[in-house]
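1. Make a model of this:
(chains A and B)
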Amino acid sequence: MERNVLLSLLEKNARMDTKDLADILLADEASVIHEMSELEKEKIICGYHTVVNWDKANQERVMAMIEVGVTPEREFGYDRVAKNIYRYPEVDTMYLMSGRSEFIVIIYGKTMQEISNFVGAKLACIEQVKSTVTLFVLKEYKVNGIALEDDDKPSERLVVTP
Amino acid sequence: MMKQYLSDKVKAIKPSGIRKFFDLASAMDDVISLGVGEPDFDTPWHIREAAIYSIESGKTFYTANQGLKELRVEICRYMKRRFQLDYQPDANVVVTVGGSEGIDIALRAIVNPGDEVILMQPNYVAYEPGVQLTGGKPVFVELKEEDQFKLTPEALRSAITPKTKAVLLNFPSNPTGGVMTYEDYEKLVPIIEAHHLIVISDEIYAELSYDTKHASLANFPSIKDQVILISGFSKAFAMTGWRLGYVIANETFTKAMNKIHQFIIMSAPTAAQYGAIEALRHGEEHVEEMRASYQNRRNFIVKGFERIGLPTHMPQGAFYIFPCIKSTGLTSEEFCERLLTEQKVAVVPGTAFGEAGEGYIRVSYAASLEQIKTALERIAVFIQQFR
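-> Down below sits the predicted model:
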């Protein structure tokens, strides 16, 4: 079974039926299920998420990207201070970056106030953190390859063609 | 009433067997169509953007008859890196209005009235009328499921007469999904050489080859000059509506085809040519993504048909399966008509691709997995009544 084909199928649609996956991979269902649990154990599959358009669900939610400037530590580089940041459950996503600041941290909150509190009271107080720049997201257009507001336009392909 | 004024050649051409299903299916709601002979992808955005930009920059004039030099250079580079074929942009390439024009001008350039042209059956719908319009005589070779719809040397030999001028091939094949490998072609080369046959090779589905590497008769140096290769952007780059293709051949044939092309077409649409340059320069990654996606769907649909009880060979190219439906006791037309009216799934009867297609249906998997899945469920229900 081709692992990477399985992974790219699941990346596009994590809810795909294992029977269907088996047909596509020309394998039996049991070995697909086995392979998936192996991939989970190896942390190659790290989770199955749903892309939600919260605006449409009438749920107030604020998303912020925070550029965090830090001082690296001898022996640990950036990794230990990163861990001190992502340990906070408020942190959804975190990257080490090239460029003007070391980290980008993505957090979600109910209000801007809630996010400011987190930045001021927790994030900025970490010893190695030199600076923060908080960028609030105003609108999400495309998430994980999915355009959130594209209407499903009916296909204009002719129904039968040679 | 006005029929008497029509030319005899046009009157002799049979209407397309697909038309009827198109009319039927178009009039119905909730039809799932697996009857479509084109990709279900939109043209990749960078290609569309390049064409839009060409229009914005005022590139709205005729191009050279043969097509933009820049495009012909890219076509030659592409043929070299992808298929190991050496051609020259001025001597060997004409940019056409789709592969369809390529087929037409290739036939017109070489066929005299009375010449025989060997066609495969089942095969794409345009070849027979194309030959008829030249005054040539189509001679059919039946491709068989037990040969995986390949052309065998025996079958080719048996169709050759002193009047045979050319053989028209289409691999990967619409409608069967069959392919010819390098080894398969190797066996045909001595025959083509000995009988001085011209090969018109429609390779529009070349990029959509799955478990094998695409091969062309033009890869054989001893007969390369006898091969007119037809290809285009429709299938691989999802550009059907752009109507852009090309023919590649020896210098003499190229000049002859360009002569016809310049008088009937002038030049292929300019914006489409600029889109095509972009496609060849930066589009191959998308082609590979689409190819991988078709391959997944091919596996899925073949397994599905196996489960339903209509087993089919695993096609190696294009985006069609061609399952045998003889076990239902229905003709191809009856099967397709009833499947459409009873279960609202559109597929195309094998007979639309020639009499040899009787007992088969063409099912296109250029549809979403969800559509294929629902269609399979409906076909399973439909098949029940014949068990």
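
2. Which single residue of the stretch 51-200 of chain B ends up nearest chain A?
-> Nearest residue of the stretch 51-200 of chain B to chain A (Cβ to the nearest Cβ) works out as B:Val125 at 4.6 Å. C-betas here are computed from N, CA, C, even on glycine.

3. quick one, what contacts that residue?
-> Shown in contact with B:Val125 (Cβ atoms under 8 Å, 6 or more residues apart in numbering or on different chains): A:162, B:16-18, B:352-353.

4. Could you do B:Asp42 as well?
-> B:Asp42 neighbours (Cβ under 8 Å, 6+ apart): B:48, B:238.

5. From B:Met239, how far out is it?
-> 10 Å (Cβ to Cβ, to the nearest Å).

6. Tell me the pLDDT of the nearest residue to B:Tyr274 once chain neighbours are set aside.
-> In space, B:Tyr274 comes closest to B:Ser54 once its chain neighbours are excluded; the distance is 3.6 Å by Cβ to Cβ, 6 or more residues apart in numbering or on different chains. If you check B:Ser54, the pLDDT there is 98.

7. Which secondary structure state does B:Ser54 sit in?
-> What DSSP: H, G, I helix; E, B strand; the rest coil gives for B:Ser54 is helix.

8. Could you chop chain A up by domain?
-> Following automatic domain parsing, chain A resolves into domains at A:3-41, A:62-143.

9. hang on, I meant chain B
-> If you go by automatic domain parsing, chain B breaks into B:2-43+B:285-384, B:45-283.

10. one step back: nearest to B:Leu168, out of the contacts of B:Val125: which one, please.
-> B:Phe353 (13.5 Å; Cβ to Cβ).

11. quick one, what contacts B:Phe233?
-> So B:Phe233 contacts B:239, B:242, B:244-245, B:275-276, B:279 (Cβ under 8 Å, 6+ apart).

12. hmm, I was thinking of B:Asn219
-> So B:Asn219 contacts B:83-85, B:182, B:185 (Cβ under 8 Å, 6+ apart).

13. filter those to the buried ones?
-> Buried members of the contacts of B:Asn219, scored by 16 or more other Cβ atoms under 10 Å in any protein chain shown, are B:83, B:85, B:185.

14. Low-confidence regions, the chain specifically.
-> Answering for chain A, as no chain was given. Scanning chain A for pLDDT under 70 picks out no residues.

15. which stretches of it form helices?
-> A:3-12, A:18-24, A:29-41, A:79-86, A:112-121 (DSSP state H).

16. and of those helices, who's closest to B:Gln121?
-> helix A:18-24 (30.9 Å).

17. quick one: contacts for the spatially most central residue of chain A?
-> In chain A, the C-alpha nearest the mean C-alpha coordinate belongs to A:Thr93, at 6.3 Å (Cα atoms, centre = their mean). A:Thr93 sits next to A:105-106 when contact means Cβ under 8 Å, 6+ apart.

18. 6 Å instead?
-> A:Ile106 (Cβ atoms under 6 Å, 6 or more residues apart in numbering or on different chains).

19. For chain A, which residues are neighbours of chain B?
-> Residues of chain A found near chain B (Cβ under 6 Å from any Cβ of the partner chain) are A:23-24, A:26, A:157, A:159-162.

20. Top of these by number of neighbours, please.
-> A:Val160 (27 neighbours; other Cβ atoms under 10 Å in any protein chain shown).

21. Pull up the gap between B:Phe233 and B:Pro44, please.
-> From B:Phe233 over to B:Pro44 (counting by Cβ to Cβ), the distance is 11 Å.

22. Next, count neighbours for B:Ala380.
-> Neighbour tally, B:Ala380, other Cβ under 10 Å: 16.

23. any idea how far it lies from chain A?
-> From B:Ala380 across to chain A, the span is 14 Å (Cβ to the nearest Cβ, to the nearest Å).

24. so who does that residue touch?
-> B:Ile308.

25. Three-state assignment for it, please.
-> In three-state terms, and counting by three-state DSSP, B:Ala380 is helix.

26. same question, B:Ala256
-> Relying on three-state DSSP, one would call B:Ala256 helix.

27. which residue sits closest to it, ignoring its sequence neighbours?
-> B:Ala109 (4.2 Å).

28. who touches that neighbour in this structure?
-> B:253, B:256-257.

29. quick revisit: just list whatever residues bridge to the residue nearest to the centre of chain A.
-> Beta bridges link A:Thr93 to A:Ile106 when assigned by DSSP bridges.

30. ok, the contacts of B:Phe233 vs chain A, which is closest?
-> Once Cβ to the nearest Cβ is applied, the member of the contacts of B:Phe233 that ends up nearest chain A is B:Met239, at 13.4 Å.

31. average pLDDT for stretch B:152-172?
-> Rounded mean pLDDT across stretch B:152-172 is 98.

32. what ranges do the strands span in the stretch 1-150 of chain B?
-> B:32-33, B:93-96, B:116-121, B:137-142 (DSSP state E, counting those that start in this stretch).

33. Show me what the last one packs onto, helices and strands only.
-> This means strand B:137-142. strand B:116-121, helix B:153-159 (3 or more Cβ pairs under 6 Å, 6 or more residues apart in numbering or on different chains; DSSP states H and E).

34. Pull out the CA atoms of the shortest one and give them to me as PDB.
-> Taking C-alpha atoms only, strand B:116-121 is exported to PDB below (Å, rounded to 0.1, in the frame of the first residue of the first chain):
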ATOM      1  CA  GLU B 116      -7.700   2.500 -47.300                       C
ATOM      2  CA  VAL B 117      -7.200   3.800 -43.800                       C
ATOM      3  CA  ILE B 118      -7.100   1.200 -41.000                       C
ATOM      4  CA  LEU B 119      -9.100   2.200 -37.900                       C
ATOM      5  CA  MET B 120      -9.500   0.400 -34.600                       C
ATOM      6  CA  GLN B 121     -12.900  -0.500 -33.200                       C
END
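
35. got the angle between it and strand B:137-142?
-> Interaxial angle, strand B:116-121 versus strand B:137-142 (axes from the mean of the first three to the mean of the last three Cα atoms, to 10 degrees): 30 degrees.

36. So which elements touch strand B:116-121?
-> strand B:137-142, strand B:164-169.

37. Out of these, which gets nearest to B:Ser100?
-> The nearest among the helices and strands packed on strand B:116-121, by Cβ to Cβ, is strand B:164-169 at 13.1 Å.

38. What strands line up against that closest one, and which way round?
-> strand B:116-121 (parallel), strand B:198-202 (parallel).

39. Run through who's touching the helix or strand just after it.
-> From strand B:164-169 onward toward the C-terminus, using DSSP states H and E, the following helix or strand is helix B:182-186. Contact partners of helix B:182-186, identified using Cβ under 6 Å, 6+ apart, comprise B:150, B:215, B:217.

40. Show me how far helix B:182-186 is from its chain's centre.
-> Its chain's C-alpha centre and that of helix B:182-186 lie 20 Å apart, by Cα atoms, centre = their mean, to the nearest Å.

41. what's near enough to touch the nearest residue to A:Ile66 once chain neighbours are set aside?
-> Counting by Cβ to Cβ, 6+ apart, A:Ile66 lies nearest to A:Val105, which is 4.6 Å off, once chain neighbours are set aside. Contact analysis of A:Val105 by Cβ under 6 Å, 6+ apart lists A:66, A:68, A:91, A:94.

42. The second one against A:Phe103, yeah?
-> Yes - under the contact definition of Cβ atoms under 6 Å, A:Val68 touches A:Phe103, with a separation of 4.2 Å.

43. okay, the two: which has more neighbours?
-> Counting neighbours by other Cβ under 10 Å for A:Val68 and for A:Phe103 shows that A:Val68 has the greater number, 25 against 22.

44. what are the bridge partners for the more buried one, then?
-> A:Phe103, A:Thr132.

45. For chain B, see how far away it is.
-> 34 Å.

46. For the stretch 251-387 of chain B, what lies in contact range of chain A?
-> So far as Cβ under 6 Å from any Cβ goes, the stretch 251-387 of chain B lies against chain A at B:296, B:299-300, B:303, B:346.

47. Thanks a lot, see you next time.
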